[in-house]
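Undergrad: show me how the following folds:
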Amino acid sequence: MKIKNLLLSIIDQVNREGAFRNIFVTHNALGIFSIHSHISSRSNKPKVEYSSKEAAQKSAQAMSQKMGVHFSVYKCAFCDGWHIGKNVQNKIVQPERVIKPQLPHIQNSYYEQLKNIGIVDFDAVLGKGIRGRTLSSHPWFLPRLKEAGIKNIIDLRTHDTSSKYEKLVIEAGMVFHHFEMDSKRTNDRVIIDELPELFKLLDKGSFFISCAMGLHRTDIALSIYYVFHPKVPEEFIPTLKGHRVNGKLRLDDIARRLNSLYRNLTEEDYNLLSLPKDYENEFMKRKKLLFKANSIF
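TA: Numbers count the residues shown, from 1 in each chain. Next comes the predicted model:
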């Protein structure tokens, strides 16, 4: 912490409207002395640094309009820049925007053509593809998928995958893709490195994505796609089928993997995934929408 930055930070707080309340009542101003005013407590990474107060205010205004919460700017005591923050007392009360998940069968021709053929745990993935149990033991379904227009088979199994399934897919005239996916055993780096290719396939559509039971790993893959790929419209929330106990959504496994991936993203990963450097708020927002929508689905 440089003395100059500390003094500038204190001056900024003292000269604010409502400085007395911020310092002696709510104690919000004292937050400038915490390392978390510079390092995000969620990601453990430095917060976005703005070179001037004006630049930070412009970005804060845009974030406030988007999120419905007031964001303020402050001079950092630990670096030469300015940061954006918010606290419990300065939230703007606005009607909450209700986003309902897209029903699985809406505008999905693959689902409509194949919903009655008997694939276990079969369901739609937005309007782009379908999901279900891996068909390695039921290869007679593969030609039907091909006839319906499915071009890519995505296998999410880890240790239980084999070359047999790949051979069956190729013989049926489709392309086989394998991505390791689970809630905690697979290394984050293995998953992150494969995300650009996985997202590209999901964007193109005409796919059948599956894991051994067609439930848990598929849920995790689609959650990652929604939360880390902002090209997916906000309202296109995937349906989570497997992470449920007595009908209620169980968040632990999905949240653990999403948070772990976010903490391990590098600057290069941000570039490859086309994520803005200040993606933390969007990450938290999408995760909240995903869980909220599926908890009432």
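Undergrad: can you give me the strands in the stretch 101-250 of the chain?
TA: Taking DSSP state E, counting those that start in this stretch as the criterion, the stretch 101-250 of the chain contains strands spanning 123-125, 129-133, 152-155, 175-178, 207-211, 244-245, 248-249.
Undergrad: just the ones you listed: most buried one?
TA: When the strands of the stretch 101-250 of the chain are scored by mean count of other Cβ atoms under 10 Å, the highest mean neighbour count falls to strand 207-211 (a mean of 27). C-beta: built from backbone N, CA, C; applies to glycine.
Undergrad: what distance do you get for the residue nearest to the spatial centre of the chain to residue 157?
TA: Among the residues of the chain, the smallest C-alpha distance to the mean C-alpha position (Cα atoms, centre = their mean) belongs to residue 227, namely 1.6 Å. Separation of residue 227 from residue 157 (Cβ to Cβ, to the nearest Å): 22 Å.
Undergrad: that older thread, just put the strands of the stretch 101-250 of the chain in JSON lines and tack on distance to residue 145 and mean pLDDT.
TA: Output for those, formatted as JSON lines (distance: least, Cβ to Cβ, whole Å; pLDDT from 0 to 100):
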{"stretch": "strand 123-125", "distance to residue 145": "13", "mean pLDDT": "91"}
{"stretch": "strand 129-133", "distance to residue 145": "8", "mean pLDDT": "94"}
{"stretch": "strand 152-155", "distance to residue 145": "8", "mean pLDDT": "96"}
{"stretch": "strand 175-178", "distance to residue 145": "12", "mean pLDDT": "96"}
{"stretch": "strand 207-211", "distance to residue 145": "6", "mean pLDDT": "95"}
{"stretch": "strand 244-245", "distance to residue 145": "26", "mean pLDDT": "74"}
{"stretch": "strand 248-249", "distance to residue 145": "29", "mean pLDDT": "77"}
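Undergrad: among the ones you listed, which comes closest to residue 189?
TA: strand 175-178 (16.8 Å; Cβ to Cβ).
Undergrad: same for that closest one, what does it pack against?
TA: strand 152-155, helix 163-171 (3 or more Cβ pairs under 8 Å, 6 or more residues apart in numbering; DSSP states H and E).
Undergrad: how far away from the center of its chain is it?
TA: How far strand 175-178 lies from its chain's middle: 23 Å, per Cα atoms, centre = their mean, to the nearest Å.
Undergrad: check stretch 237-245 too.
TA: Computed by Cα atoms, centre = their mean, the separation of stretch 237-245 from the middle of its chain amounts to 15 Å.
Undergrad: can you mark which positions in it are buried?
TA: By 16 or more other Cβ atoms under 10 Å, the buried positions in stretch 237-245 come out as 237-243.
Undergrad: separation between residue 240 and residue 249?
TA: Distance from residue 240 to residue 249, by Cβ to Cβ: 6 Å.
Undergrad: need the helices and strands packed on strand 175-178 in TSV with distance to residue 203, can you?
TA: TSV is the format used below for the helices and strands packed on strand 175-178 (distance: least, Cβ to Cβ, whole Å):
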stretch	distance to residue 203
strand 152-155	11
helix 163-171	20
